[in-house]
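Undergrad: I would like the atomic coordinates for the input below:
(one chain, ligands or ions: 1)
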Amino acid sequence: MQDKVLKILSSSNDFVSGQDISQRLGVSRQSVSKAVKALRAVGYTVEAVTNKGYKLIAVPAYLNEVSIKTYLNTAVIGKKLIVLDTVDSTNDYLKIKGSSGCENGLVVASRRQTKGKGRLGRIWQTAEDDCLAFSFLLRPNIPPSSVGSITPLCGLAVCKAIRAYTGIDCKIKWPNDVVVGSKKLVGILTEMSAEFDAVEYIVTGIGINVGQVKFPSEISQKATSVFLEMGEQINKNKFFAFVLEYIEDEFIKNNLELTEEALAEYTALCATIGRNIKFYRNGNEILGKAVGVDKNGELRAVTESGEICLINSGEVSVQGIY
Ligand code: BTN
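TA: Just a heads-up that it's a prediction; the model follows:
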């Protein structure tokens, strides 16, 4: 009810009478007044004037379920949404939900993570409300060997969403970081639970640096945020809904595969391709040049000795990035 009332109030710059709202929603005036109270409780400023009705004055800046739902138009991803104030890691939280049978498409976001996880066992640490940190769970009918396409597709969707929403000229650093120039804007971590040849569920966690106005000096040359790139704070709830829609669209359009079309877009936005890279194979450091990405999401590289290598995981440093 709150989200429906909020939709009506958001679509008007003026007062909307309680009677008008109750008629449009087919509910009592009392229910409308209860919904307005609930909106105020989560941080909305709603003015009420006798004989005029209600007017939305200000929306809360922090992540909250009611606001996200007013913007969200997805069919599966985020249909069920949980927004927490604090959690250890949204990925870990969702993996527990996944093991106890939660629905396909469940999204969990948190204003703060106490043990946020990065790739390769690293930590992902951010202050409250600075980072848009969320995870979504899918139960796709694919073999574990096909899961490699999920993270690049997700990286592509997030990169496209940020470009469209903010105008920032961001790129993908293979496999799925989103960078601006040489600085990281987004990190993605996909984890999977599988048995033999079947995937039970996949949890993909995404951290987008949105609100940071400053990074600690040790990472200030390596990290950036939407605020630092645009010089203004964005509506985090609206942006979150926008990103979820891009992810769902990309997944549906490509049937969870790196199709020719997706690969072409990925390649065009990939900052790694065409650059000199350094990676490790059997403990040896190898220098080469990234030349493409194949349909399993592997990076194709030509080494200094002219050998073609497919790289599917681990750390690749890209000259000029990190
Ligand atoms: C990386 O670049 O190393 C991946 C970072 C992934 C961070 C996100 S934040 C939301 C989700 N929950 C986690 O614990 N990690 C991911």
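Undergrad: So which bits of the protein are right by the ligand?
TA: Counting by C-beta under 6 Å from any ligand atom, the chain comes close to the ligand at 89-91, 113, 116-119, 122, 124, 133-135, 177, 187-189, 205-207. Quick note: C-beta positions are derived from backbone N, CA and C, even for glycine.
Undergrad: For PyMOL, what selects the buried ones among those residues?
TA: Entered in PyMOL, the line below selects the buried ones among the residues of the chain next to the ligand, by 16 or more other C-beta atoms under 10 Å:
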select buried, resi 89+90+91+113+116+117+119+124+133+134+135+177+187+188+189+205+206+207
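Undergrad: Helices - which of the residues of the chain next to the ligand land there?
TA: 90-91 (DSSP state H).
Undergrad: which element is residue 273 on?
TA: Assessed by DSSP states H and E, residue 273 sits outside every helix and strand.
Undergrad: which parts of stretch 305-314 are buried?
TA: Neighbour counts using 16+ other C-beta under 10 Å place 309, 311 of stretch 305-314 among the buried residues.
Undergrad: Then stretch 86-95?
TA: Buried residues in stretch 86-95, defined by neighbour count with 16+ other C-beta under 10 Å: 87, 89-95.
Undergrad: so which of those residues comes closest to the ligand?
TA: Set against the ligand, the nearest of these by C-beta to the nearest ligand atom is residue 89 (3.2 Å).
Undergrad: pLDDT at the closest one, what is it?
TA: The confidence metric pLDDT takes the value 98 at residue 89.
Undergrad: pretty sure it contacts residue 203?
TA: No - with contact defined as C-beta atoms under 8 Å, residue 89 does not reach residue 203; the gap is 10.0 Å.
Undergrad: Stretch 313-322: which residues count as buried?
TA: Residues 316-318, 321-322 are the ones in stretch 313-322 that count as buried (16+ other C-beta under 10 Å).
Undergrad: what about it, how long is it end to end?
TA: Counting by C-alpha to C-alpha, to the nearest Å, you get 16 Å between the two ends of stretch 313-322.
Undergrad: so how far is it off the chain centroid?
TA: Here stretch 313-322 shows a centroid-to-chain-centroid distance of 22 Å under the convention C-alpha atoms, centre = their mean, to the nearest Å.
Undergrad: of all of the stretch 201-322 of the chain, which residue lies closest to the ligand?
TA: Of all residues in the stretch 201-322 of the chain, the one sitting closest to the ligand is residue 205 (2.6 Å; C-beta to the nearest ligand atom).
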